[in-house]
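**Q** 3D model of this:
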Amino acid sequence: MDISESLTKVHNLAISLAERAKTDEEFRSQIERDPLGTLTSAGLPSEIVGDFLRDSGLGADGDVQGYWSLCFGSVIVG
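**A** The predicted structure is shown next:
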């Protein structure tokens, strides 16, 4: 798998997890209790978790939403 395919895979996973967190209260609660453990168990690379939380609005300042940068592009989350 080349870098482009890897980024696409992470991009799609991030969108899926953000959508799941919006609709699945239990999953959102798990993220709030253990964000690193929950998101890495779901397949998100640990290096991405902080950016994901911030940009999806699930982090400490939950009002933050916008673009999630992935080196060669952006993912709209939120």
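**Q** residue boundaries of the strands in the chain?
**A** For the chain, strands defined by DSSP state E occupy the ranges 66-69, 74-77.
**Q** which stretch in these is the model least sure about?
**A** The minimum mean pLDDT among the strands of the chain belongs to strand 66-69 (a mean of 44).
**Q** which regions of the protein sit below the pLDDT cut-off?
**A** 60-78 (pLDDT under 70).
**Q** switch to 90 and redo it
**A** Scanning the chain for pLDDT under 90 picks out the ranges 1-7, 11, 54-78.
**Q** tell me which stretches of it form helices.
**A** 3-23, 25-33, 35-41, 49-56 (DSSP state H).
**Q** buried ones in the shortest one?
**A** Spelled out, it's helix 35-41. P35, T38, L39 (16 or more other Cβ atoms under 10 Å). Placement of C-beta: from N, CA and C, glycine included.
**Q** burial count for the closest residue to the second one other than its chain neighbours?
**A** Closest residue to T38 apart from its sequence neighbours, by Cβ to Cβ, 6 or more residues apart in numbering: Q30 at 4.5 Å. Look at Q30: counted by other Cβ atoms under 10 Å, it has 17 neighbours.
**Q** right, and Q30 touches T40 too?
**A** No. With contact defined as Cβ atoms under 8 Å, Q30 does not reach T40; the gap is 12.0 Å.
**Q** of the helices of the chain, which stretch is the most buried?
**A** Highest mean neighbour count of these: helix 49-56, a mean of 20 (counted as mean count of other Cβ atoms under 10 Å).
**Q** what's it packed up against?
**A** If you count contacts as 3 or more Cβ pairs under 8 Å, 6 or more residues apart in numbering; DSSP states H and E, helix 49-56 packs onto helix 3-23, helix 35-41, strand 66-69, strand 74-77.
**Q** just the CA trace of it, in PDB.
**A** Taking C-alpha atoms only, helix 49-56 is exported to PDB below (Å, rounded to 0.1, in the frame of the first residue of the first chain):
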ATOM      1  CA  VAL A  49      -5.800  11.000  17.700                       C
ATOM      2  CA  GLY A  50      -5.100  14.500  19.000                       C
ATOM      3  CA  ASP A  51      -5.900  16.100  15.700                       C
ATOM      4  CA  PHE A  52      -9.000  13.900  15.200                       C
ATOM      5  CA  LEU A  53     -10.300  14.900  18.700                       C
ATOM      6  CA  ARG A  54      -9.700  18.600  18.100                       C
ATOM      7  CA  ASP A  55     -11.100  18.700  14.600                       C
ATOM      8  CA  SER A  56     -14.100  16.500  15.200                       C
END
